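S.K.: Pasted the sequence and its predicted model underneath.
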Amino acid sequence: MESNPKIPAHVGLIMDGNGRWAKKRLMPRSFGHKAGMNAMIELADDAADMGIKYLTVYTLSTENFARPAEELEGLFNLIRGYFTSNVKKLYKRGAAVKVIGDLSVLPQDVQALLQDGENGSPKGASFTLVFAINYGARTEILRAVNKAAESGKKLDFAQFESLLYTSGIPDPDLIIRTGGEKRLSNFLMYQAAYAELYFTDVLFPDFDKKEFEKAVEEYSRRERRFGKL
Ligand code: FPP
């Protein structure tokens, strides 16, 4: 099937606002993250239904890694839950998962589950949910630069891009950030060179199918010139 240019092939999602969503309900931050995970699960299905090929979700940044141990443990538990059970629903619809970031500092069991999640994914999937975990664009770029230096060769773009975590994944066409802030926060900074950016005040747990469709609709109305006239 020809891809529809009005539908982004790759959407990046900065899922901000879980903490504030919980606070408004006088609930702990962990409650907001759980609600955020549920929203993300729905959005992955919606993305696949819309014909989007890749959805990259900013689950934990390298900076978030400095959050209190209790909050991190809560997030790891959500990851454990997702990768032990929910992921199978994605597989059932022929979709795959992939993980990007520095996973080496995550608890061993979480690393193993993430690896299993990738290995268990169906081959030739038409949709991939990409989890950015302990991900930071600066770390990603520096890691690639060091690999390039080790090779002792000058690289072209394609060779450099093959050293990024996202090797083999097309650049994001659209990056959505919920929760009111208007910045990339170290997310896919190399790959986002020509991404359309969409910011909304909606807190992530409230970002539903209707809001997602609104973002894609706005994307479809934008004229992308990639620096040309
Ligand atoms: C930022 O909101 C969000 C995060 C640091 C975590 C996002 C993670 C999820 C939505 C769960 C993802 C799914 C799995 C499988 C683990 P914030 O807490 O910084 O919100 P605030 O700005 O309102 O404080």
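M.R.: Sure thing, it's come through. Numbering: from 1, shown residues only.

S.K.: Please make it C-alpha for all contacts and neighbour counts, starting now.
M.R.: OK.

S.K.: Where does the prediction get shaky in this protein?
M.R.: Low-confidence segments of the chain (pLDDT under 70): 1-3, 5.

S.K.: show me where the protein has strands.
M.R.: 10-14, 54-61, 96-100, 128-135, 174-177, 196-199 (DSSP state E).

S.K.: Next to the ligand in this structure, residues from the protein, please.
M.R.: With CA under 6 Å from any ligand atom as the criterion, the chain meets the ligand at residues 15-20, 33, 36-37, 59-60, 75, 78-79, 82.

S.K.: Next, give me the two most distant ones among those.
M.R.: Spatial extent of these (CA to CA) is set by the pair R20 and Y82 at 22.6 Å.

S.K.: separation between T166 and A158?
M.R.: Counting by CA to CA, to the nearest Å, the separation of T166 from A158 is 12 Å.

S.K.: Please say which of those two ends up with more neighbours.
M.R.: T166 (19 against 9; other CA atoms under 10 Å).

S.K.: Excluding chain neighbours, what is closest to the more buried one?
M.R.: Closest residue to T166 apart from its sequence neighbours, by CA to CA, 6 or more residues apart in numbering: I100 at 7.0 Å.

S.K.: can you list contacts of the lengthiest helix in the chain?
M.R.: Counting by DSSP state H, the longest helix found in the chain is helix 29-50. Identification of contacts with helix 29-50 by CA atoms under 8 Å, 6 or more residues apart in numbering yields 7, 15, 18-23, 53, 55, 71, 74-75, 78, 90, 126-127, 129, 204-209, 212.

S.K.: at 6 Å instead, please
M.R.: Applying CA atoms under 6 Å, 6 or more residues apart in numbering, the contact partners of helix 29-50 are N18, G19, W21, A22, F127, P205.

S.K.: My guess is the residue nearest to T166 contacts L129. True?
M.R.: No. Using CA atoms under 6 Å, I100 is not in contact with L129; the gap is 10.8 Å.
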